[in-house]
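Undergrad: the amino acid sequence is not available; the structure is as follows:
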């Protein structure tokens with residue numbers, strides 16, 4: 001073992017001192033990294049295995065540090081034995097961590113643990129057999145051979161465990177994509193460096209001095225794995241940039257005093273037993289915890305530029321925005337609060353109106369050019385209720401994170417559509433806002449301006465406030481819905497008043513004629529239309545039915561009334577007037593809106609009606625002389641569907657004798673339903689008309705109307721009902 005005592009073993013001068021302290025720095029960094037991972041998830045086996053793996057790397061580097069100090073032969077031999085044991089434990093922990101990381105359960109771990117136990121037990125039995133209590137404990141380690149079959153078996157075991165672990169990680173790396181692949185690649189590189197560093201222990205036993213390379217490998221292990229945790233949240237560690245700064249500041253505060261002590265008391269420390277060094281490391285750990293907890297508020301305040309406890313600010317957000325019932329104002333306040341608290345670059349809010357089957361964009365902030373970066377967003381973002389994101393939120397009320405969707409197999413079924421939505425809208429997380437488990441709204445948050453990742457505490461708080469803000473949004477939605485209904489009701493009331501004003505206020509007084517009209521819309525605004533236009537020497541009677549109901553039908557009816565009054569002033573036949581009206585409707589409304597109409601002109605000198613029909617219902621005429629009901633043929637073509645309907649129209653003349661009566665009606669009369677779903681029908685209408693035909697026009701109109709409503713009973717009216725009675729007196 002003269003190799004350990006040769007002068008070449010020690011690196012002289014300042015370079016040797018720097019090398020020695022770099023090894024100690026590696027040990028300290030590995031220790032801190034492992035302890036940090038354990039604190040962040042001490043109940044997870046993956047974090048525990050990582051902690052033990054980091055401890056193996058840390059203690060291996062620490063004993064190499066002792067070796068580099070150039071102590072006596074027996075102490076070097078002691079260090080060498082402990083380092084060899086540490087390498088075996090390093091191999092065990094690599095296998096256990098790797099299987100847990102790739103989520104592969106096999107008997108390999110048990111086999112490797114059993115072999116390691118047998119190796120350690122065998123060595124222990126040899127030690128115990130040769131142990132002489134009266135001698136120095138260092139003899140205990142002298143009796144263990146430096147080379148030979150024991151080291152060969154140790155190295156073979158180490159190589160097998162190493163190969164198995166790297167094979168698992170490599171296969172897992174090839175299957176991953178995106179962030180998961182990057183995370184796995186960094187962990188794979190870090191583990192490889194750690195194993196390479198541990199293997200240098202065995203080469204030293206065969207007079208191959210590559211310990212400096214082992215120290216470098218250890219440092220690479222720390223750098224790569226730390227970056228994987230910070231950048232890609234390896235093992236789901238909730239670290240962010242400002243926490244990394246705390247690491248560095250705390251580490252500097254810890255290492256500087258220790259470095260000063262070693263520099264000024266170098267000679268004195270050579271005589272200090274190794275146990276003191278272990279005590280010193282434990283003391284630095286306590287200092288680290290103290291500084292970590294005390295420095296964090298100050299650093300956080302520096303980065304946040306507002307109250308240092310931003311999580312408290314976030315948790316109080318629902319109470320600050322909850323007083324508003326205006327949905328737009330609520331949205332603006334919410335966007336302002338999130339941007340000021342989390343410093344997000346962009347924000348997207350989707351809300352499902354009570355009468356819609358999709359979540360539609362209500363507000364967005366931060367999209368467009370941001371410095372040199374252009375943030376994309378879909379135009380008018382909308383998610384249907386059957387979108388995978390919505391289906392996921394309906395079953396799982398938790399925040400969706402872009403990074404986790406790429407990594408976690410739980411999201412396999414929704415991964416493609418969800419990641420596409422995240423990319424198209426530059427989002428990092430989606431927060432569901434719920435009330436009693438029902439999804440009300442979705443908030444999308446982009447990257448932070450100063451911090452790259454969202455911490456796990458952020459996610460937990462966002463999930464908590466999701467239900468609180470959900471109540472506020474639901475109240476605003478109902479309030480908005482009430483206001484909207486009140487607005488629509490008011491508009492419909494005004495529309496109803498306007499429509500009523502468009503109908504004849506009173507029947508005109510015409511010699512030899514008695515005229516009555518009635519219209520009851522099924523809704524506030526109907527699509528039926530009738531009118532009396534009293535002109536010198538003639539009277540125009542119009543009845544029509546616009547397709548559809550509501551405001552659109554009412555507006556079309558108003559346009560038709562204006563056109564009728566304009567066209568009727570000319571001495572045109574009913575057919576010519578209908579042709580002109582058809583052309584106007586076809587040009588202005590297209591094929592999606594149309595109407596039926598019957599147009600009649602009372603020719604006072606002839607005592608006849610000249611009429612034409614545009615696909616309107618047949619009319620009924622009562623002949624007093626025969627006491628019979630005749631059918632007045634309708635037919636023709638719909639108005640507005642095609643530009644030219646000349647070949648479908650005709651003019652016909654109806655002579656009117658004293659006592660004859662005409663009943664005009666719309667399809668809402670014959671299609672009226674009762675509780676048994678029976679139609680009132682044309683036959684029954686003829687019977688009712690004949691029943692009351694002997695009465696004056698006014699009584700006929702009210703009697704027929706009452707018969708229709710009596711037939712319907714309590715069933716609500718399905719269509720507009722319009723009646724016009726014309727009597728020759």
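TA: All right, it came through fine. Everything quoted here is computed from the prediction, not taken from an experiment.
Undergrad: what's the spacing between residue 652 and residue 538?
TA: Taking C-beta to C-beta, to the nearest Å as the measure, residue 652 falls 16 Å from residue 538. No exception for glycine: its C-beta is placed from N, CA and C like everyone else's.
Undergrad: who has more neighbours, these two?
TA: Neighbour tally, residue 652 and residue 538, criterion other C-beta atoms under 10 Å: the higher count belongs to residue 538, 16 against 13.
Undergrad: what helix or strand does residue 58 sit in?
TA: Applying DSSP states H and E as the criterion places residue 58 in helix 45-68.
Undergrad: residue 341 now?
TA: Take DSSP H and E as the rule and residue 341 turns out to sit in helix 327-342.
Undergrad: next, the angle from the helix or strand that comes right after that helix to helix 327-342.
TA: Counting by DSSP H and E, the element after helix 327-342 in chain order, helix or strand, is strand 347-351. On the basis of axes from the mean of the first three to the mean of the last three C-alpha atoms, to 10 degrees, strand 347-351 is oriented at 140 degrees to helix 327-342.
Undergrad: where does the stretch 201-350 of the chain dip in pLDDT?
TA: Within the stretch 201-350 of the chain, the ranges that satisfy pLDDT under 70 run 201-216, 230-231, 233, 236, 238-278, 280-282, 284-326, 340.
Undergrad: and residue 431, what element?
TA: strand 429-435.
Undergrad: what is the mean pLDDT for that strand?
TA: What strand 429-435 shows for mean pLDDT is 86.
Undergrad: what does it contact?
TA: Applying C-beta atoms under 8 Å, 6 or more residues apart in numbering, the external contacts of strand 429-435 come out as 389, 393, 397-402, 422, 439-445, 454, 459, 462-463, 466-467, 469-471, 473-474.
Undergrad: may I see the buried residues of the next helix or strand after that strand?
TA: Later in the chain than strand 429-435, the nearest helix or strand by DSSP H and E is strand 438-445. Neighbour-count burial for strand 438-445, with 16 or more other C-beta atoms under 10 Å as criterion, is recorded at 439, 440, 441, 442, 443, 444, 445.
Undergrad: which strand residues bridge the last one?
TA: In this structure, residue 445 bridges to residue 347, residue 429 when assessed by DSSP bridges.
Undergrad: so how far is residue 380 from it?
TA: Distance, residue 445 to residue 380, by C-beta to C-beta: 19 Å.
Undergrad: likewise for the first one?
TA: If you measure residue 439 against residue 380 using C-beta to C-beta, the figure is 20 Å.
Undergrad: and residue 584, how many neighbours?
TA: Residue 584: 17 surrounding residues under other C-beta under 10 Å.
Undergrad: and what of residue 448?
TA: Neighbourhood size, residue 448 [other C-beta under 10 Å]: 17.
Undergrad: OK, contacts around it?
TA: Counting by C-beta under 8 Å, 6+ apart, residue 448 has contacts 342, 343, 344, 345, 454.
Undergrad: what's the answer for residue 722, then?
TA: When contacts are counted by C-beta under 8 Å, 6+ apart, residue 722 touches 517-520, 528-530, 543, 545, 665-666, 668-669.
Undergrad: now the residues you listed in CSV, with distance to residue 411 and pLDDT?
TA: Shown next, in CSV, are those (distance: C-beta to C-beta, whole Å; pLDDT from 0 to 100):
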residue, distance to residue 411, pLDDT
517, 66, 93
518, 63, 91
519, 59, 89
520, 57, 87
528, 56, 86
529, 58, 87
530, 62, 92
543, 62, 94
545, 55, 89
665, 62, 95
666, 57, 92
668, 54, 90
669, 59, 93
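Undergrad: buried subset of those residues?
TA: 517, 518, 519, 528, 529, 530, 543, 545, 665, 666, 668, 669.
Undergrad: among the residues you listed, which are located in strands?
TA: In this view, those that belong to strands under DSSP state E are 517, 518, 519, 528, 529, 530, 543, 545, 665.
Undergrad: helix, strand or coil for the nearest residue to the second one once chain neighbours are set aside?
TA: Using C-beta to C-beta, 6 or more residues apart in numbering and skipping residues adjacent in sequence, the residue nearest residue 518 is residue 723, 4.7 Å away. The assignment at residue 723 comes out as strand when based on DSSP: H, G, I helix; E, B strand; the rest coil.
Undergrad: any idea what residue 723 is bridged to?
TA: residue 518, residue 665.
Undergrad: surely it touches residue 702?
TA: No. Residue 723 is beyond contact range of residue 702, at 9.2 Å (criterion: C-beta atoms under 8 Å).
Undergrad: between those two, which has more neighbouring residues?
TA: Higher neighbour count among residue 723 and residue 702: residue 723, with 25 against 15, using other C-beta under 10 Å.
Undergrad: show me what contacts that one?
TA: By C-beta under 8 Å, 6+ apart, the contact list for residue 723 reads 516, 517, 518, 519, 663, 664, 665, 669, 701, 704, 705.
Undergrad: give me phi/psi at residue 597?
TA: phi -160, psi 150 (degrees, to the nearest 10).
Undergrad: quick one on the thing from earlier: let me have the contacts of residue 448 in TSV, extended by distance to residue 713 and neighbour count.
TA: Formatted as TSV, the contacts of residue 448 follow (distance: C-beta to C-beta, whole Å; neighbours: other C-beta atoms under 10 Å):
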residue	distance to residue 713	neighbour count
342	61	21
343	65	17
344	60	23
345	63	19
454	62	23
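Undergrad: farthest-apart pair in those residues, please.
TA: Across the contacts of residue 448, the longest distance by C-beta to C-beta is 12.7 Å; it joins 345 and 454.
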